[in-house]
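[1] Can you look at this prediction? I've put the sequence above it.
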Amino acid sequence: MKNKVGSFMAWLAIALAVAQLLLVLLSWLLSAMMVSGVHSLLSGEGLRYMAAQATRSLLSPLLAWLLMGAMAWGCLSKSGLLHALAYRHSYRHRVAFRSSLVVLVVLVAVVLLLTVPSHAVLLSATGSLWPSPFSQALVPIVALVVVLVSVCYGWLSRTFDSVVSVFHALTWGIARSASLLLLYVLIAQLVGLVQFVF
């Protein structure tokens, strides 16, 4: 199954790269045919746009969400908390699980205190949740809660025995999602080029 997913991701990445090349040729061809509203990526303006857009198109909240989600997933997976939800374990694991539930309740209570009262800090100027600082920070808040609860469980169950093991769990999630990050880069570049051409 993993090989099929990896193969699909690789072919999808190749298809996105080929689509970018075809878009460059199509933009040149359509602009040579003087189709109105089409900008050539091979013109001076197009080349300047591609050079400047290479970084700009990647700067979106989605990239930050992918990174934070990957770190949270890595920490959750490596801590053993998912496994603890399905199976009964030793006394130490049960204590770790209950302690993580307490941490989760405390964190949810803090978030509620920052969002529910009428003049809460994370509400918008008009007092609404959507859009507000809370809605903009929802993914980072969820990722932080998952990381803290997972670290609490991993530390108390001795799955994490040092700061290095916690660091490894956080980076493991990013390594596992590297193919998604590559696809994000290719899709963001393709969308940026399409916006310029048309």
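    Looks like it came in fine. Numbers count the residues shown, from 1 in each chain.
[2] so Asp161, which of the three states?
    Recorded secondary structure, Asp161: coil (DSSP: H, G, I helix; E, B strand; the rest coil).
[3] Give me the distance between it and His168.
    11 Å (CB to CB, to the nearest Å). Any C-beta I mention is one placed from the backbone N, CA and C, and that applies to glycine too.
[4] who touches both of the two?
    By CB atoms under 8 Å, 6 or more residues apart in numbering, Asp161 and His168 have no common neighbours.
[5] To what extent is Gln189 buried, counted in neighbours?
    20 (other CB atoms under 10 Å).
[6] For it, give me its contacts.
    Here Gln189 is in contact with 20, 53-54, 57-58 (CB under 8 Å, 6+ apart).
[7] Narrow those to just the buried residues.
    Neighbour-count burial (16 or more other CB atoms under 10 Å) applied to the contacts of Gln189 gives 20, 53, 57.
[8] Could I get the average pLDDT for stretch 28-39?
    Across stretch 28-39, pLDDT averages out at 86.
[9] buried ones in that stretch?
    28, 30-31, 38.
[10] how near is Val95 to His89?
    10 Å.
[11] what's the worst-scoring helix or strand of the chain on mean pLDDT packed up against?
    Sorting the helices and strands of the chain by mean pLDDT, DSSP states H and E puts helix 81-86 at the bottom, at a mean of 78. The contact analysis (3 or more CB pairs under 8 Å, 6 or more residues apart in numbering; DSSP states H and E) places helix 81-86 against helix 91-115, helix 138-156.
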